[in-house]
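A.B. asks: Structure of the sequence below:
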Amino acid sequence: MDKKTRYQKGTELIDKYADKSDKPAYSITFEDLMDMDTDLEKYIVEFAFGDIYSRTGLSDQQKTLTTITTLVTQGLEPQLRLHVNIAITIGITPREVIDTIIHLLPYVGFPRVLNGLKVAKEIFQARDVAIK
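C.D. replies: Now for the predicted structure:
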C-alpha cells in the first residue's frame, strides 16, 4: 500500500472516530507533541490508523474495547481518554466501557481498574453521557 493511501485511510478513520464537536481524535493525546518532530503525525496517521485500525476482521467496537483493555492494563490514562472518547463516538455504551474495565480486576488489580474507571467517568461527564 502506498503512503498516500495509508495516510488517506488513516485520516478517514480519524474523522470517523473524532468527536465532531472537538478536534480530531488523535490530537487529544498528541497535539502538543507534533512540533517536536514533523513525522510524528505521519507515523500516527499512517501506521496506527492507516495500517492497524483499518484492518478487517474486528469491528470498530471490538478494536476500541481491545485498545481500552490494554491501556487500562498498562496504566496509560492520557491515551485511555482518547479511546474512551472514540468508544462513545462510535456507539459503544458507557455500560460496555465500564464492564470492560471492571472485567480486568482479577488480571490487573484495583488501582489500575479504579484509575481507568475514573478516566471513563470524566469522559462521560465531559460529553454529558448518561451511565445506564
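A.B. asks: so where is the chain shaky, pLDDT-wise?
C.D. replies: When residues are selected by pLDDT under 70, those of the chain lie in 1-4, 21-31.
A.B. asks: now do 80
C.D. replies: 1-4, 19-35, 38 (pLDDT under 80).
A.B. asks: what ranges do the strands span in it?
C.D. replies: Applying DSSP state E to the chain gives no strands.
A.B. asks: How about the contacts made by residue 98?
C.D. replies: 117, 120, 131 (C-beta atoms under 8 Å, 6 or more residues apart in numbering). For every residue, glycine as well, the C-beta is placed using N, CA and C.
A.B. asks: Wait, residue 83 touches residue 64, no?
C.D. replies: Yes. Between residue 83 and residue 64 there is a contact under C-beta atoms under 8 Å: 5.9 Å.
A.B. asks: how far out from the middle of the chain is the longest helix along the chain?
C.D. replies: Looking across the chain with DSSP state H, the single longest helix is helix 110-126. On the basis of C-alpha atoms, centre = their mean, to the nearest Å, helix 110-126 sits 14 Å off its chain's mean C-alpha point.
A.B. asks: Show me where this structure has its helices.
C.D. replies: All helices of the chain, identified by DSSP H, fall at 3-17, 27-30, 40-42, 60-74, 77-89, 94-102, 105-108, 110-126.
A.B. asks: Pick the most deeply packed of those helices.
C.D. replies: Highest mean neighbour count among these (mean count of other C-beta atoms under 10 Å): helix 77-89, with a mean of 21.
A.B. asks: Now do that helix: distance to the chain's middle.
C.D. replies: Computed by C-alpha atoms, centre = their mean, the chain-centroid distance of helix 77-89 equals 4 Å.
A.B. asks: Ok, stretch 62-69 next?
C.D. replies: 8 Å.
A.B. asks: So which residue is dead centre in this protein?
C.D. replies: Nearest to the mean C-alpha position of the chain, by C-alpha atoms, centre = their mean, lies residue 83 at 1.8 Å.
A.B. asks: How much space separates that residue from residue 131?
C.D. replies: 18 Å (C-beta to C-beta, to the nearest Å).
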